[in-house]
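Novice: model the structure of this input:
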Amino acid sequence: MPLIEVDEMDSHHRAKNVRERCVLREEVRRKLTSDQKNRRCIRCKEDKPEFNFVHTPSNFFPGHRSYICTSCLERMVAQDNLGEVDRLMRYLDLPFDLDKWTSLYAIHKDHTLTAYFNTLLDEHYSAL
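Specialist: Model (predicted):
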């Protein structure tokens, strides 16, 4: 068999392996998204994966998740108004660390709320 045909066969096998890996990745992605629970935001009325809703320790929220998605919360709360932010944190039964908020606001501006929630989540898991 000439060398060219071997190279063509080798590239054919590599292409086939790449296609198989892509198919497997797609199957895994589909499985993961089908296992996710969706919630409907009471503000925007969209169905979104559960991770788009803030986790709260409060027993007043079913599943310990907020009723309003994080995107809507960011639009509703003026993130430079510390009184509004504090009120939201009390409503969600979450701690409000002014120093942490101020440092995050300097970096994230209109997305400080999401960054703050992620920081709280990271601290929660690192404490476990």
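Novice: in the host helix or strand of Cys72, what counts as buried?
Specialist: Of the helices and strands defined by DSSP states H and E, Cys72 is found in helix 70-76. By neighbour count with 16 or more other CB atoms under 10 Å, helix 70-76 contains the buried residues 70-73. Placement of C-beta: from N, CA and C, glycine included.
Novice: tell me what it is packed against?
Specialist: strand 53-55, helix 112-127 (3 or more CB pairs under 8 Å, 6 or more residues apart in numbering; DSSP states H and E).
Novice: so if we follow the domain assignment, how does the chain break up?
Specialist: Here the domain assignment for the chain is 1-35, 38-127, based on automatic domain parsing.
Novice: among those, show the one with the smallest mean pLDDT.
Specialist: When these are compared on mean pLDDT, domain 1-35 scores lowest, with a mean of 55.
Novice: so Ile68: helix, strand or coil?
Specialist: strand (DSSP: H, G, I helix; E, B strand; the rest coil).
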